[in-house]
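Asker: sequence first, predicted model second:
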Amino acid sequence: MTTVLLVILGICAGLVGALSGTGGGIIITPMLALYFGVPIEQAIGTSLIAVITTSAASSSIHLQRHTTDIRLGMTLELATAFGAGLTAYLVGYINRTALEVLFATFLLYGAISILRRGGKTEDEQDEFAPQPSGNGIAIPEYEPKRVGLGMGASLIAGGLSGLLGIGGGPIKVPVMYLFMGVPLMVATATSNFMIGVTAAASAAVYYRRGDVVVGIAAPMAVGVFIGSIVGAKLAVRVHSKYVAILLTGIMLYLSVHMFVHIVGKFL
Amino acid sequence: MSQVREPAFDRAIALVLRIGAYAAFFVMLAGVLATVIVDGQIATRIELAGVLIMLITPVVRVFVAMVLFLREKDWKYGAISAGVLMILLLGSLFGIGEH
């Protein structure tokens, strides 16, 4: 029964993620922690499987549009994978409540930053959106600048990913676009490309520690995968503002619930 | 860097990711269905197989990219890929025996 419920929840998370353009992985972890009694570190490790699945599927689409800079992605992955592996390792030594506080804070921050952009989510991925005809995308010539800065930002993005099980796109995309001179389309695709390897670097550590709950990861990932594909078909390039508002509402609610849950432990 | 347009290279990597994602999805789906219908050890094993396929896919992707770079005699990016591969493999060594 729980399995069916997890698939349905995954579908909802995938739908909301694809329609709002955020991936939706951010709401899986707190739901697992709050409503399925999964310890936070296991909820993070488990949600990473869904993150890798959607990233692999969506970045294969970006690759076929030839908008991914594989060399740049691979270079920055040195930093994201290292950062992710390191913090994933450290999670084994972090106090569970501290990790919950970190996660709830990040969730609140994420919700507020979407609100501040006026309901527009990061133009991160229109994941599975139909492609505008084969090789016909014109990409301006560029040469990535300030690779050192990019590596630093990637280390932080990777570290956050390993710590909280998130993609880190909101850090990597602006840095590549604004500071490294990478066209936005390429920055988005390349960030997406890096998420799979980054998540895998931390997921391996979580898995080894026993923090990937297979019986939950599988139905969740199956649901998210279905939800993302259906959501992308529904969205057809238009990112609904209402879905972003819905996502923000869910994030705010989950964040507040987590804080209440944490405070409750001390009462 | 910045050579975005290498269609064959892009396609090869896309293929690896696509095969990995769909294989993992269908194996996990089979595991989930097995769990719902019969449950038990075998169902969990199938789910685990799907999860492991998903975990290994990014590693395979880096490996294939490394081979492609080396075949192009692009030693710099071959070495960078090897570095990423090392980090991924190191990660799967750490964490053993805790908990």
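Answerer: Right, received. Where do you want to start? Numbering: from 1, shown residues only, chains lettered A, B, ... in the order given.

Asker: quick check: next helix or strand after the strand or helix carrying A:Ala153?
Answerer: Counting by DSSP states H and E, the element that carries A:Ala153 is helix A:147-164. Reading on from helix A:147-164 to the C-terminus, the next helix or strand found by DSSP H and E is helix A:169-174.

Asker: roughly how far is that next one from the heart of the chain?
Answerer: Between the mean C-alpha point of helix A:169-174 and the mean C-alpha point of its chain there is a distance of 11 Å (Cα atoms, centre = their mean, to the nearest Å).

Asker: stretch A:255-267 too?
Answerer: How far stretch A:255-267 lies from its chain's middle: 24 Å, per Cα atoms, centre = their mean.

Asker: now tell me what touches it from outside.
Answerer: Stretch A:255-267 is touched from outside by A:Pro30, A:Ala33, A:Leu34, A:Thr97, A:Glu100, A:Val101, A:Phe103, A:Ala104, A:Thr105, A:Leu107, A:Leu108, A:Ala111, with contacts defined as Cβ atoms under 8 Å, 6 or more residues apart in numbering or on different chains. Every residue, glycine included, has its C-beta placed from N, CA and C.

Asker: pLDDT of that stretch, averaged?
Answerer: Mean pLDDT, computed over stretch A:255-267, is 92.

Asker: residue 42: neighbour count?
Answerer: I'll assume chain A. Residues near A:Gln42, counting by other Cβ atoms under 10 Å in any protein chain shown, number 21.

Asker: that was the other one, I meant chain B.
Answerer: By the other Cβ under 10 Å criterion, the neighbourhood of B:Ile42 contains 12 residues.

Asker: cool, the one 5 residues further on as well?
Answerer: Burial of B:Glu47, expressed as a neighbour count using other Cβ under 10 Å, amounts to 27.

Asker: quick check: closest non-adjacent residue to it.
Answerer: Spatial nearest neighbour of B:Glu47, excluding adjacent residues (Cβ to Cβ, 6 or more residues apart in numbering or on different chains): B:Gly31 at 3.3 Å.

Asker: A:Ala200 now?
Answerer: In space, A:Ala200 comes closest to B:Pro58 once its chain neighbours are excluded; the distance is 3.8 Å by Cβ to Cβ, 6+ apart.

Asker: pLDDT weak spots in chain A?
Answerer: A:21-24, A:118-138, A:235-240 (pLDDT under 70).

Asker: picking that back up, buried residues of the strand or helix carrying the residue nearest to A:Ala200, list them for me.
Answerer: Using DSSP H and E, the secondary-structure element containing B:Pro58 is helix B:41-71. Going by neighbour count (16 or more other Cβ atoms under 10 Å in any protein chain shown), the buried part of helix B:41-71 is B:43-44, B:46-59, B:61-66, B:68-69.

Asker: and what of stretch A:202-216?
Answerer: A:202-209, A:211-216.

Asker: from those, pick the one nearest B:Leu93.
Answerer: Distances from those to B:Leu93 were compared by Cβ to Cβ; the smallest belongs to A:Arg208, at 7.7 Å.

Asker: isn't that closest one up against B:Leu55?
Answerer: No - A:Arg208 is not in contact with B:Leu55 according to Cβ atoms under 8 Å; the separation is 10.5 Å.

Asker: burial of residue 17, as a residue count?
Answerer: No chain specified, so I'll use chain A. Under the neighbour criterion other Cβ under 10 Å, A:Gly17 is assigned a count of 29.

Asker: actually it's chain B I care about, not the one you picked
Answerer: Tallying neighbours of B:Leu17 according to other Cβ under 10 Å, which is how burial is gauged here, yields 25.

Asker: distance of the residue nearest to A:Leu107 when sequence neighbours are not counted from chain B?
Answerer: Ranked by Cβ to Cβ, 6+ apart and with sequence neighbours excluded, the top spatial neighbour of A:Leu107 is A:Ser255, at 4.0 Å. To chain B, A:Ser255 is 28 Å away according to Cβ to the nearest Cβ, to the nearest Å.

Asker: separation between A:Ser255 and A:Leu6?
Answerer: For A:Ser255, the distance to A:Leu6 under the criterion Cβ to Cβ, to the nearest Å works out to 21 Å.

Asker: the two: which is more packed in?
Answerer: Of the pair A:Ser255 and A:Leu6, A:Leu6 is the one with more neighbours under other Cβ under 10 Å, namely 25 against 21.

Asker: any low-confidence regions in chain B?
Answerer: B:1-5, B:94-99.

Asker: hmm, 50 instead?
Answerer: Across chain B, residues meeting the criterion (pLDDT under 50) sit at B:1-2, B:96-99.

Asker: go ahead and flag the most central residue of it.
Answerer: B:Thr57 (1.1 Å; Cα atoms, centre = their mean).

Asker: and the closest residue to that one other than its chain neighbours, how many neighbours does it have?
Answerer: Excluding the flanking residues, the one nearest B:Thr57 by Cβ to Cβ, 6+ apart is B:Gly20, at 2.9 Å. Neighbour count of B:Gly20, defined by other Cβ under 10 Å: 25.
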